[in-house]
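[1] Sequence first, predicted model second:
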Amino acid sequence: MSLVTPEAFVLGMSALAAACTGIAAVGIGLGQGFAAGKAVEGIARQPEAQGDILKVMVVGQAISETTGLFAFVISMVLIFANPLIDML
């Protein structure tokens, strides 16, 4: 006799996967903080290049933020609209 039903196993693994997407948020926060710090250093060294440095920094941070949004959407799908349950 099995102690864990297939539905319970899929739901448990989905919750674990959704929790692991928090790692993506930590990585994104660290990356954006590092990029902003380096931009400030670059502006301190060359104040005349402030506009170019800020443009590149904002584009880079926007691209990295999309990764966080994708991770958030995937975790919400796994928690609330799990497509794997229907496959059992």
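    Nice, thanks for sending it over.
[2] Just list what the longest helix seen in the chain packs against, helices and strands only.
    If you go by DSSP state H, the chain has its longest helix at helix 6-45. In this structure, helix 6-45 makes packing contacts with helix 50-80, judged by 3 or more C-beta pairs under 8 Å, 6 or more residues apart in numbering; DSSP states H and E. (Each C-beta comes from the backbone N, C-alpha and C, glycine too.)
[3] the inter-axis angle of the helix it packs on versus helix 6-45?
    With axes from the mean of the first three to the mean of the last three C-alpha atoms, to 10 degrees defining the directions, helix 50-80 sits at 170 degrees from helix 6-45.
[4] show me what contacts the residue nearest in space to the middle of the chain?
    What sits nearest the mean C-alpha location of the chain, by C-alpha atoms, centre = their mean, is residue 68, with 2.6 Å. Contact partners of residue 68, counting by C-beta atoms under 8 Å, 6 or more residues apart in numbering, are 24-25, 28.
[5] Just give me how far stretch 81-88 sits from the chain centre.
    23 Å (C-alpha atoms, centre = their mean, to the nearest Å).
[6] Residues in contact with that stretch: which ones?
    Taking C-beta under 8 Å, 6+ apart as the rule, stretch 81-88 contacts 6-7, 10-11, 14, 77.
[7] Just the buried ones from those?
    Neighbour-count burial (16 or more other C-beta atoms under 10 Å) applied to the contacts of stretch 81-88 gives 10-11, 14.
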